[in-house]
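Compute the structure for the input listed below.
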Amino acid sequence: MASRTRRHGPATSLPARDGSPRRRLPMRLLLPMLVLVAMMAMLMLRGYVHSEILADHRIQPEAATDKVPEKILDGGPVIDTRSGRTTSLKVPDHRLVLTFDDGPDPTWTPKVLDVLKRHHAHAVFFVTGTMTSRYPDLVRRMVAEGHEVGVHTFNHPDLSFQSHKRIDWELSQTQLAISGAAGIRTSLFRPPYSSFADAMDDESWPVTQYIGTRGYITVVNNTDSEDWQKPGVDRIIRNATPHGGKGAIVLMHDSGGDRHQTVQALDRFLPMLQKQGYAFDNLTEALDAPSAHTEVTGVGLWKGRAWIFLVQASDDITAVMVVALAIIGGLVIGRFVLMLLLSGAHARRVRRRGFSWGLPVTEPVSVLVPAYNEAKCIENTVRSLMASEHPIEVIVIDDGSSDGTARIVEELGLPNVRVVRQLNAGKPAALNRGLANARYDIIVMMDGDTVFEPATVRELVQPFGDRRVGAVAGNAKVGNRDSMIGAWQHIEYVMGFNLDRRMYDIMRCMPTIPGAVGAFRRSALERVGGMSDDTLAEDTDITMAMHRDGWRVVYAEKARAWTEAPETVQQLWSQRYRWSYGTMQAIWKHRRALVEKGPSGRFGRVGLPLVSLFMVVAPLLAPLIDVFLLYGVVFGPTQRTIVAWFGVLAVQVVCAAYAFRLDRERMTHLISLPLQQILYRQLMYVVLLQSWITALTGGRLRWQKLRRTGVVEAPGGPVPSQRPRAASSDRRPVA
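As a prediction, the model looks like this:
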């Protein structure tokens, strides 16, 4: 439809340095972009914390040891290279320092802490930044119960492969997580994939030296329980027990897999060695040294807490996204299946031999054509009506056009065509004005940029043979499908609109009679108060009102109308923004149907939820598929992600092909379907999100006149021919 009421004023702008106006990005465009960026940022943050991004799983093979000082190779497991030192320390006799790597783990770390607490033992937990960020409460508990924590890097890379910059990043990010979790910093460090001191080689020694320059003491081990191999509880205890009363640093793990053997071994190991006179201390207690922990205050503490908050938020948001995607994905697949079944049932019903709606409808009907500045289209529209196989009168309601639309119609001098002029008041007012001037009891409504086939009116009005039918939706088709955007909209019209209408017809809850081609019983229109200007989607509004008043609304597949779809991104944006926002307004206006009885209640509890879910909510979440696709392709698992996406695409191709077959359309247009799913859907998502923001912020959207070219002509056959316009400046390439 083309009639408009108020227009937007000029866009707000600021003067640039050269004095020319500088346009500001509207907030309703900026916010959708920010939401998209924030969603990607949350997903990227989660991927980083879960070691899906920037993770390096390479492990350095053994190397020579000729550059490692002998006193390090022959020394203890505590290595101090701070301030140029090259010293090592051993744990005194009858003192054991239990160390646990790779945690904290939400399942096994609490069990380990419970055993340590029960036996009054302390330990050292070398935590990774990824796990600390995800489970900060466990690190807080470690510190509160007297254990020490040490840095085990952020996401566990072999540091011998890494640059100094990457090493600094691993250290600082882990310290940031520890600060946010427990409010402390630590000077203890254990390199990933480390072993005994005599395993230090020419690749790992430079890293140890550099770690010392950053203020850390490197802690390896001299007793390996080998619990990671799950050799059995008895074997773990034997491996962890030092000989001859010697002190030791024992390597265990509280994360990285099933650690039930570790927990069981620990519960037996602690009392057994305590009876032998061993003390289980943290490292600084065993060495009688100052604590390795330093309290963090001020900005450092708040930065750590902010990091923990963001990580928790990214996990929570991503979890919600995954659940929402699964739910919506399931509902969409279910809807596809339902569409295939019910649309097939609809086609079989209306195409079976001998089917009729009742007695044939032969009486004349009134065709209302509201028009605002449709000079380029109106002649094609009116002439297509003159070829109608059904008796009609045509009423063109000129809604204050300034381009001579009314004059063009009058100069045609066609029979049974009248022009009604009014000041610009909007499409609903124009239709009501036409209704007041109509002579007949059946009213056909169409847009001023649409053309009918000769059989369209006849096919459109036949369902009124059933006295229960109050309105009929026709089959709107894209006439200008020769551009990429036009081809995408052609797919959308055939699959997304007409297949839907078949399903909704069977379910008796069709949400919208298209403004391009619809018919109404006059008495039904009058009972619901005529066309309303309460919303910007007057076609959806009137359809819902019909349902609530108890009328049937059906779909006439053979009543084809050819409309001119927007040809540029800007025009498409304007149209779909109005449609989305108007649909939300209509849903809100008719919300009381949810609790009412009778036909209104039936529509409210069946139709409104379906419209809300699949026209407002699901499209808003659909881009999650593409967000996760992009993430999965880049960061893995690439193969499974691509297979899953092609699986979803295959379902859509099947539905689209079935819809095209029902509408007897050429399948060649489906070539652009994959690209439509990637690009067109994102545009529709941003439009819908902008509509949501407009609705939630109480904004008011106004009609915007779409720029027409008149490219769709009156059909000479079943498909309209198109006037050559190669020299016209009105048709611009797709932006």
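
In the one helix or strand Thr262 maps to, which of the residues would be classed as buried?
Thr262 belongs to helix 260-275 when assigned by DSSP states H and E. For helix 260-275, burial by neighbour count (16 or more other C-beta atoms under 10 Å) applies to Gln261, Thr262, Val263, Gln264, Ala265, Leu266, Asp267, Phe269, Leu270, Leu273. For glycine as for every other residue, the C-beta is placed from the backbone atoms N, C-alpha and C.

Quick one: low-confidence residue ranges for the stretch 1-150 of the chain.
Applying pLDDT under 70 to the stretch 1-150 of the chain flags the ranges 1-29, 31-32.

The same query, at a cut-off of 90, please.
Under the criterion pLDDT under 90, the flagged ranges of the stretch 1-150 of the chain are 1-48, 50-60, 62, 84.

Also the stretch 301-450 of the chain?
In the stretch 301-450 of the chain (pLDDT under 90), the answer is 314-340, 353-354, 376-377, 448-449.

in it, which spans are helices?
Shown for the stretch 301-450 of the chain, the helices assigned by DSSP state H, counting those that start in this stretch span residues 378-386, 405-412, 427-437.

Now mean neighbour count and distance to Val494 too, for these, in TSV please.
Shown next, in TSV, are the helices of the stretch 301-450 of the chain (neighbours: other C-beta atoms under 10 Å; distance: least, C-beta to C-beta, whole Å):
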stretch	mean neighbour count	distance to Val494
helix 378-386	22	21
helix 405-412	18	30
helix 427-437	22	25
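
Looking at the ones you listed, which is nearest to Gly103?
helix 427-437 (65.2 Å; C-beta to C-beta).

which other residues reach that closest one?
If you take C-beta atoms under 8 Å, 6 or more residues apart in numbering as the criterion, helix 427-437 is touched by 1-4, 366, 368-372, 395, 397, 399, 418, 420, 422, 443, 445, 515, 522, 525, 530-533, 538, 703.

what does stretch 319-326 give?
Met39, Leu43, Leu621, Leu624, Ile625, Phe628.

Now restrict those residues to buried residues only.
Applying 16+ other C-beta under 10 Å to the contacts of stretch 319-326 flags Met39, Leu43, Leu621, Leu624, Ile625, Phe628 as buried.

picking up where we left off before, which other residues reach the helix holding Thr262?
Taking C-beta under 8 Å, 6+ apart as the rule, helix 260-275 contacts 96, 98, 108, 111-112, 115-116, 118-119, 121, 225, 227, 230-233, 236-237, 240-241, 252-254, 280.

Show me how far that helix is from its chain's centre.
Its chain's C-alpha centre and that of helix 260-275 lie 49 Å apart, by C-alpha atoms, centre = their mean, to the nearest Å.

likewise stretch 305-314?
21 Å.

Would you mind extracting the C-alpha trace of the top strand by length along the chain into CSV?
When the chain is scanned for its longest strand (criterion: DSSP state E), the result is strand 552-563. Output of strand 552-563 as CSV, limited to C-alpha atoms (Å, rounded to 0.1, in the frame of the first residue of the first chain):
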residue,chain,number,x,y,z
ARG,A,552,-13.7,-17.6,8.9
VAL,A,553,-10.7,-16.3,7.0
VAL,A,554,-9.5,-18.5,4.2
TYR,A,555,-6.8,-18.6,1.5
ALA,A,556,-7.5,-18.6,-2.2
GLU,A,557,-4.4,-19.9,-3.9
LYS,A,558,-5.5,-19.1,-7.5
ALA,A,559,-6.2,-15.5,-6.8
ARG,A,560,-2.8,-14.2,-7.9
ALA,A,561,-1.7,-10.6,-7.6
TRP,A,562,1.6,-9.3,-8.8
THR,A,563,3.1,-6.6,-6.6
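
Which strands or helices does the next helix or strand after the helix holding Thr262 pack on?
Per DSSP H and E, the first helix or strand lying C-terminal to helix 260-275 is strand 279-280. When contacts are defined as 3 or more C-beta pairs under 8 Å, 6 or more residues apart in numbering; DSSP states H and E, strand 279-280 sits against strand 95-101, helix 260-275.

Would you list the strands that the first one pairs with, along with their directions?
This points to strand 95-101. strand 123-127 (parallel), strand 248-253 (parallel), strand 279-280 (parallel) (DSSP bridges).

residues in contact with the last one?
Right, the one you point to is strand 279-280. 94-98, 116, 119, 121-123, 270, 273-274, 286.

The helix or strand just after it - what's its average pLDDT?
Later in the chain than strand 279-280, the nearest helix or strand by DSSP H and E is helix 283-286. Throughout helix 283-286, pLDDT has a mean value of 96.

Tell me which other helices or strands helix 283-286 touches.
Short answer (3+ C-beta pairs under 8 Å, 6+ apart): helix 283-286 packs on strand 95-101.

angle of the helix or strand following the strand it packs on against strand 248-253?
Note on strand 95-101: by DSSP H and E, the next helix or strand toward the C-terminus is helix 108-118. Relative orientation of helix 108-118 versus strand 248-253 (axes from the mean of the first three to the mean of the last three C-alpha atoms, to 10 degrees): 140 degrees.

I appreciate the help and will end here.
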